[in-house]
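**Q** here is my input; please provide its structure:
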Amino acid sequence: MTNARDFSLDAELAQTTGWDLDDADDLQDPADDSDESDDWESGYADPADPDDEHDPELTLGELTVGEQDLAERYALRRVGGLRTELEDISEVEYRQLRLERVVLVGVWTDGSVEDAENSMAELAALAETAGSEVLDAIYQRRDKPDPATYVGRGKVEGLGEIVRATGADTVICDGELAPSQLRNLEDRLKVKVVDRTALILDIFAQHAKSKEGQAQVELAQLSYMKQRLRGWGGNLSRQAGGRVGADGGGIGGRGPGETKIETDRRRINTKIARLRRQLAHMKGTRDTKRQERRRRHIPSVAIAGYTNAGKSSLLNRLTGAGVLVEDALFATLDPTTRRTTTSDGRVYTVSDTVGFVRHLPHQLVEAFRSTLEEVADSDLILHVVDGSNPDPEGQIAAVREVFAEIGAEKVPEIIVVNKSDAADPLVLARVKQREPHAVVVSARTGEGIDAVLALVEDDLPRPGVEFEALVPYARGDLLDRLHQHGEIESLEHTGEGTVVRGRAHADLAGELAAYSV
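**A** Numbering: from 1, shown residues only. Down below sits the predicted model:
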């Protein structure tokens, strides 16, 4: 006999599967041994549709490398406010998965109120990218940060009230704090305190994928950590050697010894030395590839700029690289180089580099120096700017500061103002007025990409030796190299060979000298 619970289950099953409960063929007794049960098919299995083009396996195979990386990144992700409780509390009372709850703190020392608000908005974006939930944000106008607590003593008390009222478990400061400032704030607020540098390093650690990128991030983290080692109580006790006596050392073991914090610092130095040796070896591989491109006179173009300005999207548009694209800060850290050609057949490479940010930690600049050398050694820089940002001029200035630090300030530069589809036309006009050698594009829609390609072709280095030669048909290899690495002004096929006039590099022009006319 069917009871009320059976009806509720049947209704739920019907809602889930889409079966019609009035149709006797849809629901059958599993114990029924009649012949009709042999033809039963699961309601969960949809019939095969020959017109269905969305084959899951084919779709997975057609994904680009960047789309696969993005799917892998989102395969396990923390969700704010998600909470599950178990009915049986004998094993565990409840389970909770939530983001870190943070309060942002800034010190406004110069600039306008708009500059201070933009800086805090960027800090909030960094905090959300790192995996936290921003509850509140405050900033204080001061000539300089307080040497003891970053903000003033009164602000620390007010900050403590905000932390207790919101239930925050972390405070993030918009600046690099000294070890004493970190310790004083944590002692007074009773929650974890993180500065801007540690926040950026945490994001880099999450997004580093290649072996070189992970080693670079670890080196930067250790360099940052070495000056901020702390310990209390037993962690600072002296080490004793041999049989420990009443005074701690015994014969041969008395004396100052070595503190635990000194031991940790020595281990960090050992690990830093090992990471630098590994990176030096990886840098040798990168230098070899770069020297080979130079030997073959292949120009290089570096895409650089502020983080989340659309550098990877632009690389995909220019070369079809298919690298990861995500609306997040520092979404891609590992450099990507692709080979492409101009409209007249010249070969050049395009490299996507790590994004920059205001007050980029010097530990990261040092650790990623081998990667950033791609920018300094390039023949042309595509400086990508986020046109939808309220302060694009500030982004340009911050990026150029890093250029000067890595020795790339003299490399020819094209300003590419991206996201024109979401930008204010007045802002775009203002940037173009300040930067004459600029072009406005939208990597998402493809607007302005042809203009970028035209500027790149005009600004790429040109061969320096003019020539005119009659190349025999047996030397087709020379013509092929001319198409790839030279400039052909005129070409005429005759009975004796090909008469070609143009410009080439010195080594290729030397080979053509034997056929000059």
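
**Q** look at stretch 431-444 and report the distance between its end residues.
**A** Stretch 431-444 has an end-to-end distance of 20 Å (Cα to Cα, to the nearest Å).

**Q** buried residues in it, which are they?
**A** For stretch 431-444, the neighbour count (16 or more other Cβ atoms under 10 Å) marks V431, E435, A438, V439, V440, V441, S442, A443 as buried. For the C-beta atoms, the positions are set from N, CA and C on the backbone; glycine is no exception.

**Q** my guess is the last one meets L318, correct?
**A** No. Using Cβ atoms under 8 Å, A443 and L318 do not qualify as a contacting pair, with a distance of 9.0 Å.

**Q** give the residues shared as contacts by those two.
**A** I449 (Cβ atoms under 8 Å, 6 or more residues apart in numbering).

**Q** run through who's touching stretch 189-203.
**A** Outside stretch 189-203, the residues that touch it by Cβ under 8 Å, 6+ apart are 123, 126-127, 129-130, 156, 159-160, 163, 168-177, 182, 185-186, 217, 220-221, 224, 329-330, 357, 359-361, 363-364.

**Q** so which of these belong to helices?
**A** Among those, the members found in helices (DSSP state H) are 123, 126-127, 129-130, 156, 159-160, 163, 182, 185-186, 217, 220-221, 224, 363-364.

**Q** the stretch 51-200 of the chain: strands as residue ranges?
**A** Remark: strands assigned in the stretch 51-200 of the chain by DSSP state E, counting those that start in this stretch are 82-84, 95-97, 100-108, 132-141, 170-173, 192-195.

**Q** of those, which is nearest K271?
**A** strand 192-195 (22.2 Å; Cβ to Cβ).

**Q** got the buried residues for the closest one?
**A** V193, V194, D195.

**Q** and stretch 135-147, by the same measure?
**A** Quick answer for stretch 135-147 (16+ other Cβ under 10 Å): L135, A137, Y139, Q140, P145, D146.

**Q** tabulate those (TSV), appending pLDDT and distance to T288.
**A** Listed next are these as TSV, based on pLDDT from 0 to 100; distance: Cβ to Cβ, whole Å:
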residue	pLDDT	distance to T288
L135	93	50
A137	92	48
Y139	89	48
Q140	90	51
P145	92	45
D146	92	50
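
**Q** any chance of those residues in CSV, plus distance to E466?
**A** Output for the buried residues of stretch 135-147, formatted as CSV (distance: Cβ to Cβ, whole Å):
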residue, distance to E466
L135, 67
A137, 62
Y139, 61
Q140, 65
P145, 60
D146, 66
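
**Q** ok, back up a step: so which of the buried residues of strand 192-195 is the closest to V417?
**A** For the buried residues of strand 192-195, the minimum distance to V417 (Cβ to Cβ) is 31.6 Å, reached by D195.

**Q** from V323, how far off is the closest one?
**A** Relative to V323, D195 is positioned 31 Å away (Cβ to Cβ, to the nearest Å).

**Q** where does E492 land in three-state SS?
**A** Of the three states, E492 takes strand under DSSP: H, G, I helix; E, B strand; the rest coil.

**Q** what pairs with it across the strands?
**A** Beta-bridge pairing for E492 (DSSP bridges): V499.

**Q** number of residues surrounding it?
**A** Counted with other Cβ atoms under 10 Å, residues neighbouring E492 total 10.

**Q** settle this for me: it is touching V471, isn't it.
**A** No. Using Cβ under 8 Å as the test, E492 is too far from V471 to be in contact (10.9 Å).

**Q** pull up the overlap in contacts between these two.
**A** Shared contacts of E492 and V471, defined by Cβ under 8 Å, 6+ apart, comprise T498, V499, V500.

**Q** check contacts around H485.
**A** Contacts of H485 by Cβ under 8 Å, 6+ apart are R296, H297, I298, R346, V347, P463, A504, H505, L508.

**Q** just the buried residues of these.
**A** Buried members of the contacts of H485, scored by 16+ other Cβ under 10 Å, are H297, I298, R346, V347, P463, A504, H505, L508.

**Q** mind checking which of these land in helices?
**A** Using DSSP H, the buried ones among the contacts of H485 in helices are L508.

**Q** I'd like the buried ones among the contacts of H485 laid out as JSON lines, including distance to D115.
**A** Formatted as JSON lines, the buried ones among the contacts of H485 follow (distance: Cβ to Cβ, whole Å):
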{"residue": "H297", "distance to D115": "45"}
{"residue": "I298", "distance to D115": "42"}
{"residue": "R346", "distance to D115": "43"}
{"residue": "V347", "distance to D115": "43"}
{"residue": "P463", "distance to D115": "46"}
{"residue": "A504", "distance to D115": "51"}
{"residue": "H505", "distance to D115": "47"}
{"residue": "L508", "distance to D115": "52"}
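
**Q** relative to F368, which of the buried ones among the contacts of H485 is nearest.
**A** Lowest distance from F368 to the buried ones among the contacts of H485 (Cβ to Cβ) belongs to I298, with 23.6 Å.
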